[in-house]
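Novice: Pasted the sequence and its predicted model underneath.
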Amino acid sequence: MELTINGEQKVISKAGLSITELLSAENVKSPDMVSVQLNGEFVERSLFADTKVKNGDELDFLYFMGGGQKL
């Protein structure tokens, strides 16, 4: 299965992975802190385990950071 993950073409040997399984297969750090866009749409975290990725899908794994310093 061919996917585009964060703009990079990848070939995944196992088809029918859920987003949760894909995060694990891709060794994503802090998967509990990542937001996922699938084909341009955000996927709710509660749906990660039930949402299967398909050949040709485009995913973005996004980390939102807070903080900073007032100058």
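Specialist: Good, I have the coordinates.
Novice: so who does Val34 touch?
Specialist: Each residue near Val34 by Cβ atoms under 8 Å, 6 or more residues apart in numbering is listed here: Leu23, Val28, Phe61, Leu62, Tyr63. (Glycine included, C-beta is placed from N, CA and C.)
Novice: Among the residues you listed, the buried ones, what's the ChimeraX command?
Specialist: Listed next is the ChimeraX selection for buried residues among the contacts of Val34, using 16 or more other Cβ atoms under 10 Å:
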select :23,28,61
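Novice: Among the contacts of Val34, name the ones in strands.
Specialist: Phe61, Leu62, Tyr63 (DSSP state E).
Novice: returning to what we had before: out of the contacts of Val34, which is nearest to Gly40?
Specialist: Using Cβ to Cβ, Leu62 is the member of the contacts of Val34 that lies nearest Gly40, at 12.2 Å.
Novice: Give me the pLDDT value at the closest one.
Specialist: You'll see Leu62 listed with a pLDDT of 94.
Novice: I'd say it and Val43 touch.
Specialist: No - using Cβ atoms under 8 Å, Leu62 is not in contact with Val43, being 11.0 Å away.
Novice: what would the ones in strands among the contacts of Val34 look like in TSV with distance to Gly7?
Specialist: Listed next are the ones in strands among the contacts of Val34 as TSV, based on distance: Cβ to Cβ, whole Å:
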residue	distance to Gly7
Phe61	11
Leu62	12
Tyr63	15
